[in-house]
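# dropping a prediction and its sequence here:
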Amino acid sequence: QTIVRLADYRPSDYLIDRVDLDVRLHPTETRVTATLALRPNPDGEPGAPLVLDGDELTLLAIALDGQPTGPGAIAVTPRSLTLHQPPQRPFVLAIETQVNPSANTKLMGLYRSNGVYCTQCEADGFRRITYFLDRPDVLAVYTTRIEGERADTPVLLGNGNPVAQGEIGLTRHYAIWHDPHPKPAYLFALVGGRLGRVGSRFTTMEGREVEIAVYVEPGKEGRAGFALDAVARSMAWDERTFGRAYDLDVFNVVAVSDFNMGAMENKGLNIFNDKYVLASPDTATDSDYANIEAIIAHEYFHNWSGNRVTCRDWFQLCLKEGLTVFRDQEFSSDERSRPVHRIADVRTLRARQFPEDAGPLAHPVRPRAYREINNFYTATVYEKGAEIVRMLRTLLGPDTFRRGMDRYFATCDGTAATVEDFLAAFAHESGRDLTAFAQWYEQAGTPTVAVSGTYDPAARTYALAFRQSLPVVATEAAAGAVDRPQLIQPQLIQPLVIPVALGLVAREGGPVEAVSERVHDGVFVLETAEDTLVFEDVAAPPVPSLFRGFSAPVKVEHALTRDERLTLLAHDGDAFNRWQAAQSLAMDVLVGRAKAGAPRDAEAGPEGAALSAALATFLDGEALADPAFAALVLTLPEEQEVAQTLQAEVDPDAIWRARQSLRVQLGRDLGPRLRALRAALAEPAGTPFSPDAASAGRRALRNAALDLVTAADPDAGTALALAQLDAATTMTDRLAALASVSLVPGEAREGALARFGETYRHEPLVLDKWFAVQAMIPEDGTPDRIRGLMRHPAFSLGNPNRVRSLIASFSLNNPTQFHRPDGAGYDLTVEVVLALDGKNPQVAARLLTSFNTWRMVEGGRRRRAEAALRRVAEAPGLSPDVSDIAGRSLA
Ligand code: DPP
Ligand code: ZN
């Protein structure tokens with residue numbers, strides 16, 4: 001497996017201007033004729049051979065300018081097609097290949113999902129359809145003719161606009177699609193199948209009439225309306241917020257049930273994992289609705305950030321992904337509650353990206369080398385990439401930021417761009433040098449910012465001393481560039497440009513109006529390793545509120561006292577930091593108890609009691625005013641977050657006991673309030689369902705209360721949960737009840753699980769939730785339970801959603817069982833990774849990343865984890881995907 005390096009980038013020696021595809025669909029013998037209009041690239045090497053990429057392809061025929069190629073003119077393997085002496089003028093290559101969609105279990109290229117033909121070409125799946133220059137900087141105009149049996153494939157969809165369709169004999173028909181916008185091969189798509197359709201129209205601000213449609217399994221049309229509406233809302237939002245209009249006459253979304261990713265932004269033909277399209281109150285939770293809305297928006301927004309402006313090479317992946325995540329986060333914040341959404345995004349970042357950045361798979365947002373690009377669709381590229389764009393907006397201000405975006409789209413439209421092109425647009429509009437800021441793209445690892453405050457009563461000043469540091473991360477090794485770790489020397493690490501949104505809060509509440517020339521619009525910019533910010537004219541010692549709205553993706557070391565945190569929880573003007581204050585109070589308790597190895601029912605400690613008292617005041621004052629926010633304040637940091645705070649020699653059982661003891665304590669101390677809240681928030685019978693943020697917030701708070709009540713009083717809580725399970729009219733309430741019940745061992749649990757499984761036996765997406773609930777039970781019996789469920793008729797290793805629900809939920813979200821001292825959790829994961837690798841290497845590799853925290857756990861577990869990883873690394877016939885993850889994890 002060769003290493004691809006950013007430093008080795010060279011333009012392609014040839015370009016492809018037009019692609020005419022003729023695809024004759026057949027379950028096992030699909031024939032593809034690709035007619036490519038090629039020419040030498042003026043920026044390439046004159047006379048170089050033309051090397052087209054392929055993967056598992058069978059060549060049937062080839063012609064150059066209409067003539068058969070002479071003997072010895074080409075060399076063909078399943079992985080490449082080389083034309084030794086291509087004409088040094090424009091020429092046409094016609095290539096006929098044959099592929100077997102039914103045998104394609106990798107779900108890359110052309111495959112069948114529930115009988116529906118569909119494609120996935122990012123990052124390099126197009127080469128599994130035809131020989132091609134499969135790289136994102138080769139942009140062509142595509143015309144696609146798709147032919148199939150009318151009975152099997154009444155719906156035939158391609159990129160762009162439909163231009164023709166017709167009959168062929170008695171049983172076959174065809175459709176022709178033309179996409180006028182030049183695009184890289186990874187954005188190609190086609191679909192053929194029996195599909196139901198819901199549709200509507202949208203008129204763009206430019207006056208274009210667009211037909212929007214969502215295609216789903218026949219019979220599920222009633223579950224497609226929310227996604228359809230989200231498309232229209234996304235279109236309107238991108239016009240309003242970024243001035244971006246849609247540019248084709250049709251926009252199609254197709255839901256398929258076997259899909260490696262969440263969804264794919266193919267031009268004019270987005271293909272979705274059906275989990276992110278189908279929604280009804282009875283089958284989808286509030287978070288499903290929120291995810292559907294966010295992912296529909298994300299893929300639609302790619303039409304500009306990704307498609308109109310694409311990436312020069314895969315090292316620039318964050319250019320489209322980080323930016324588009326930022327855009328979808330903003331959309332969701334505007335459509336829902338901004339602080340609530342921000343908290344949710346930061347929780348995800350801390351739960352997924354921080355551990356990645358602290359472990360052996362750490363890599364810069366723009367990696368410098370890779371072995372397998374499919375392993376770089378990571379939380380770092382996506383979520384940290386989005387944080388970089390957010391910081392840019394904070395640094396430049398919203399108006400300059402918007403002008404920079406306009407300039408980026410204007411200057412890079414129709415091109416394959418780089419991170420440098422992106423930053424240049426903002427440098428131009430702001431007149432600022434962004435060279436130092438660009439380090440965010442280059443350095444792996446989560447920075448730490450240590451802060452200490454000093455009040456000088458005589459001078460009436462308040463000084464905040466900041467010191468930033470970056471962990472020494474084996475960056476090059478992490479990026480796959482070298483075989484053994486090669487540590488970056490600490491002195492080579494550059495300080496980052498860190499926007500610190502801040503304010504001062506008076507001890508008795510209310511803001512402190514202090515002045516500092518270095519704070520603009522509430523933001524101080526830390527640009528050096530150390531710096532001190534002084535506020536003048538401060539009458540009394542204030543409480544600093546730092547990194548408001550989580551203004552930078554850093555860890556903050558700031559030794560506030562409990563009283564200071566309580567002040568922020570009660571009085572900070574920034575909602576994010578109020579939530580953060582509660583989290584920090586809880587984290588202090590959890591870390592203290594985990595270190596002390598606290599038993600499960602630890603006697604109510606004084607710090608825990610202080611937290612209960614503060615939460616009681618908070619709930620009394622405002623729980624009903626903003627239930628969604630209150631639900632987040634009530635939710636303790638996850639076990640993985642506590643582990644990240646402890647950093648080394650982590651004992652997951654001690655963390656679980658600490659968290660459990662605090663849940664019990666809060667449940668006891670707040671019990672009457674929580675029950676009263678549940679009653680106050682109950683929906684009057686007959687209330688029509690709404691997935692909106694306010695209704696979802698009320699359900700979230702009721703269920704957060706249920707969770708704590710059940711922790712403190714399992715019998716009473718289980719009774720409440722069972723009643724809720726029976727009476728619930730939404731999947732949100734039903735699933736929350738099932739989750740509460742699942743934590744209390746006994747017959748009630750087993751009965752409830754059995755009934756739920758029976759009720760939804762024909763609903764795979766609901767069974768996924770049922771699989772996940774069981775996979776996350778923190779008990780010794782769970783690995784056996786999972787092995788049993790793997791024999792359930794609805795489970796299949798071939799379906800990525802099933803694997804993620806039953807196996808990845810266990811490996812990623814059940815820390816005590818994954819990290820069992822006897823190694824049974826590691827064994828189960830490895831067994832599935834190896835069984836899956838031959839079928840679907842991408843999903844297998846992703847599952848193996850659950851080991852990315854293995855170095856943090858205590859010695860016995862660590863040795864077992866390492867041995868498990870070695871078993872993977874040494875297994876014969878590994879895919880490049882899994883071998884890359886195993887190798888880097890052990891490096
Ligand atoms: N489909 C994936 C996404 O939109 C990769 N582009 O993030
Ligand atoms: Zn994306």
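On my side now, so go ahead. Ligands and ions are numbered 1, 2, ... in the order given.
# residue contacts, the residue in the stretch 351-500 of the chain that ligand 1 sits nearest to?
Distances between the stretch 351-500 of the chain and ligand 1 by CB to the nearest ligand atom are smallest at Tyr377, namely 6.2 Å. (Each C-beta comes from the backbone N, C-alpha and C, glycine too.) Going by CB atoms under 8 Å, 6 or more residues apart in numbering, Tyr377 touches Met261, Leu317, Glu321.
# next one: Phe354
By CB under 8 Å, 6+ apart, the contact set of Phe354 is Thr446, Lys555, Gln644.
# in a helix, it, correct?
Yes: residue assignment for Phe354, taken from DSSP: H, G, I helix; E, B strand; the rest coil, places it within a helix.
# next, work out how far apart it and Pro471 are.
Distance of Phe354 to Pro471, given as CB to CB, to the nearest Å: 11 Å.
# find residues that contact each of those two.
Any residue near both Phe354 and Pro471 by CB under 8 Å, 6+ apart counts here, and that gives Thr446.
# so where do the strands sit in the stretch 1-150 of the chain?
Ranges of strands in the stretch 1-150 of the chain, per DSSP state E, counting those that start in this stretch, are 4-5, 14-24, 30-40, 50-53, 58-64, 67-68, 74-77, 80-83, 91-99, 109-113, 116-120, 140-149.
# what's the most buried one of those?
Among the strands of the stretch 1-150 of the chain, ranked by average contacts under mean count of other CB atoms under 10 Å, first place goes to strand 116-120 (a mean of 26).
# okay, the angle between that strand and strand 109-113?
On the basis of axes from the mean of the first three to the mean of the last three CA atoms, to 10 degrees, strand 116-120 is oriented at 140 degrees to strand 109-113.
# on contacts alone, who are the packing partners of strand 116-120?
In this structure, strand 116-120 packs against strand 109-113, strand 190-193, strand 250-256, strand 269-273, with contacts taken as 3 or more CB pairs under 8 Å, 6 or more residues apart in numbering; DSSP states H and E.
# near ligand 1 at all, that strand?
No: shown here: strand 116-120 not in contact with ligand 1 (CB under 6 Å from any ligand atom), separated by at least 8.5 Å.
# list the contacts of that strand.
Strand 116-120 is contacted by residues 25, 30, 101, 107-112, 125, 129, 148, 153, 188-195, 254, 256, 259-261, 264, 266, 271 when judged by CB under 8 Å, 6+ apart.
# keeping just the C-alphas, turn it into PDB.
Below are the C-alpha coordinates for strand 116-120, written out as PDB (Å, rounded to 0.1, in the frame of the first residue of the first chain):
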ATOM      1  CA  VAL A 116     -32.300  -0.700  -6.100                       C
ATOM      2  CA  TYR A 117     -29.200   0.200  -8.300                       C
ATOM      3  CA  CYS A 118     -27.300   3.000  -6.800                       C
ATOM      4  CA  THR A 119     -23.800   4.400  -6.700                       C
ATOM      5  CA  GLN A 120     -21.300   5.800  -4.200                       C
END
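# and that strand with strand 250-256, angle?
Put simply, strand 116-120 runs at 110 degrees to strand 250-256, going by the same axes, to 10 degrees.
# surely Phe401 touches Arg393?
Yes: between Phe401 and Arg393 there is a contact at 4.1 Å, judged by CB atoms under 8 Å.
# still on that earlier bit, from the contacts of strand 116-120, which are also near ligand 2?
When CB under 5 Å from the ion is applied, no member of the contacts of strand 116-120 is adjacent to ligand 2.
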